[in-house]
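Colleague: Have a look at this prediction, sequence included:
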Amino acid sequence: MTADRPRGNDPGTDTGRVTDPGLATTGHPARPADPARPADLAPDAGTHGSGGILGRTHRALTLGIISVVSVVAFEASAVNTAMPAAARALDGIGLYAFAFSAYFTASLFAMALSGEWSDRHGPLAPLFSGIAAFGAGLLVAGGAQSMGMFVAGRGVQGIGGGLVVVSLYVVVGRAYPERLRPSIMASFSAAWVVPVIVGPLVAGTVTEQLGWRWVFLAIPVLILLPLAVMLPALRKLPRTRPGPRGGARQVLGNRRCLLALAVAVGACLLQYAGQQPTWFALLPAVAGLALLVPGIVRLLPRGTFRAARGLPSVVLMRGLAAGALVAAESFIPLMLVTQRGLSATLAGLSLTGGGVTWALGSYVQSRPRLEPYRERLMGLGMVLLAAAIVTVPLALVDGVPAAIVAVAWTVGGFGMGLNIASGGVLLLKLSRPQEAGSNSASLQMSDALGNVTFVGVGGVLFVAFGGGSIAVNGPAATAGAGSASHPAAFAAVFAAMAVVALAGAGVTSRLRPDRG
């Protein structure tokens, strides 16, 4: 659920990973659903309740929402930490990238599904279904006996994450008056800070002392408390006019759902083909392109892929920024564990600084005196991200301390804070009121597509340069086992993602619309 969080996938843009202050400023999920029209969602919102988001009227729901987001954030940081150990135990290094892309790909479809479902029947059914699927996916992954089963569990998690992130935004639109929505959206981002700091330490300790499975199996228990806190408040949500009639067939048959499903299937086929060095792989590759390209073109604003001035370039930059970050971040713990012999705990902690500086960057860009320089801030953010990514593989060089990764990621996190939050603000600035919802939806969809695409590209490069044969025991153990180390596999991934980030910096000149 990789989007609303200061980490190193929002409730993700897991996610997760729904991703960050940028989405917090838009206040809308991956579809122009009810939240796009606040007046329709809560026509009398200003009359029910008083005080802030922690006032008597909204306290229980606010605490429940923050708790859900915190659990998602903890899961995101914990999984990054435990993933190398899981891949080693299941003999699945070759499918390492699939464990991440399965989550993002499934959540992409689930976002579209949740928007349509929430429109027709309200947000409670997709919210609780999503929480249930998220927990079930964790249990499947934690109990997996093969890497294929583990990847399937991650896909179920992604479905849950996509359902939750969209329905949570709809809940906010219905439960909170307009004056309180900026505060509750800001709390989404704030809810990521502590889990990002604590998650790697806890997950690393559990992985080393009890085993990686317990990282996955224990998290579902944490979901019970937020549900208990939220349930009474959710039952009191104001009713709104009914949406279009229709059952499951009408919801799943919605055009946007079908396009998202086509994109998800196409991305899976392309990544599979990219990791199969045979001529037969051309068949799934062609099929994947046939599904992926038309779907993406129709899901995003016209002109996005040629960086048309204004809004299309804002949407394009969001996908480039999120995809480059998540793809690079996914391989950092694996690199530190296999190439530098770090423990799972220390490898996970290397990403912690990025979460803190992400929040700092979001705060800096919000200063009123910097408003005239917003486009430049976004360009600076992409340059800082590129610098961080290109610095990370220096840890592969003998004599360079592994701590350089942690230092680099604090720089990258600050750049993402500048970029992601500014992107959300700029999107609203460029949107007419009646288009704010659909444009916000495109921004989050670009986020998810960037994650799916570039994690898949990273996985293909990793395997192509020999990464599939790496043993997850550190260099010494690897050498002892007679299995060669493959630093080039990691270097290829980070080099490619640095190029993506620099491409995003180049798009900066296209963010301001042509006044002619």
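Modeller: Structure's in. What do you need?

Colleague: Local confidence estimate at Leu384?
Modeller: Leu384 is assigned a predicted lDDT (pLDDT) of 96.

Colleague: To clarify, my last question referred to Pro433.
Modeller: Pro433 is assigned 58 on the pLDDT scale.

Colleague: Would you work out how far apart the start and end of stretch 299-307 are?
Modeller: The first and final residues of stretch 299-307 sit 15 Å from each other (Cα to Cα, to the nearest Å).

Colleague: go on, stretch 369-377?
Modeller: Terminal residues of stretch 369-377 lie 12 Å apart, using Cα to Cα.

Colleague: Buried residues, it. List them.
Modeller: With burial defined by 16 or more other Cβ atoms under 10 Å, the residues of stretch 369-377 counted as buried are 374-375, 377. Just so you know, the C-beta spots here come from the backbone N, C-alpha and C atoms, and that holds for glycine as well.

Colleague: Take those residues and lay them out in CSV including pLDDT, distance to Gln157 and secondary structure.
Modeller: Converted to CSV, the buried residues of stretch 369-377 look like this (pLDDT from 0 to 100; distance: Cβ to Cβ, whole Å; DSSP: H, G, I helix; E, B strand; the rest coil):
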residue, pLDDT, distance to Gln157, secondary structure
Arg374, 83, 35, helix
Glu375, 87, 36, helix
Leu377, 89, 34, helix
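
Colleague: buried residues in the longest helix along the chain?
Modeller: For the chain, the longest helix by residue count, based on DSSP state H, is helix 59-89. Buried residues in helix 59-89, counted by 16+ other Cβ under 10 Å: 60-88.

Colleague: packing partners for it?
Modeller: When contacts are defined as 3 or more Cβ pairs under 8 Å, 6 or more residues apart in numbering; DSSP states H and E, helix 59-89 sits against helix 96-121, helix 124-142, helix 147-175, helix 181-190, helix 193-209, helix 213-234, helix 311-339, helix 344-349.

Colleague: Now do it against helix 147-175, angle only.
Modeller: Inter-element angle recorded for helix 59-89 and helix 147-175: 170 degrees (by axes from the mean of the first three to the mean of the last three Cα atoms, to 10 degrees).

Colleague: Where does pLDDT dip in the stretch 101-250 of the chain?
Modeller: Under the criterion pLDDT under 70, the flagged ranges of the stretch 101-250 of the chain are 119, 178-179, 181-183, 185-186, 189, 235-250.

Colleague: Pretty sure Leu188 sits against Ser70.
Modeller: Small correction: residue 188 is Phe, not Leu. No - at 10.0 Å, Phe188 and Ser70 do not qualify as touching, with contact defined as Cβ atoms under 8 Å.

Colleague: so what's Ala85 closest to, chain neighbours aside?
Modeller: For Ala85, ignoring the flanking residues on the chain, the nearest one in space by Cβ to Cβ, 6 or more residues apart in numbering is Trp212 at 4.1 Å.

Colleague: Quickly note the distance from that neighbour to Val166.
Modeller: 30 Å (Cβ to Cβ, to the nearest Å).

Colleague: which of the two has more neighbours?
Modeller: Counting neighbours by other Cβ atoms under 10 Å for Trp212 and for Val166 shows that Val166 has the greater number, 34 against 26.

Colleague: Which stretches in the stretch 251-400 of the chain count as helices?
Modeller: Under the criterion DSSP state H, counting those that start in this stretch, helices of the stretch 251-400 of the chain are mapped to 255-274, 282-299, 311-339, 344-349, 352-365, 374-391.

Colleague: Determine which stretch of these is the most buried.
Modeller: Across those, averaging neighbours per residue (mean count of other Cβ atoms under 10 Å) puts helix 311-339 on top, at a mean of 28.

Colleague: Kindly confirm my reading that Thr410 forms part of a strand.
Modeller: No - counting by DSSP: H, G, I helix; E, B strand; the rest coil, Thr410 falls outside a strand, being helix.

Colleague: number of nearby residues for it?
Modeller: By other Cβ under 10 Å, the burial measure for Thr410, its neighbour count, is 21.

Colleague: Quick check: chain neighbours aside, which residue is closest to it?
Modeller: Gly353 (3.7 Å).

Colleague: Tell me how far the one you found lies from Leu299.
Modeller: Gly353 is 34 Å from Leu299, by Cβ to Cβ.
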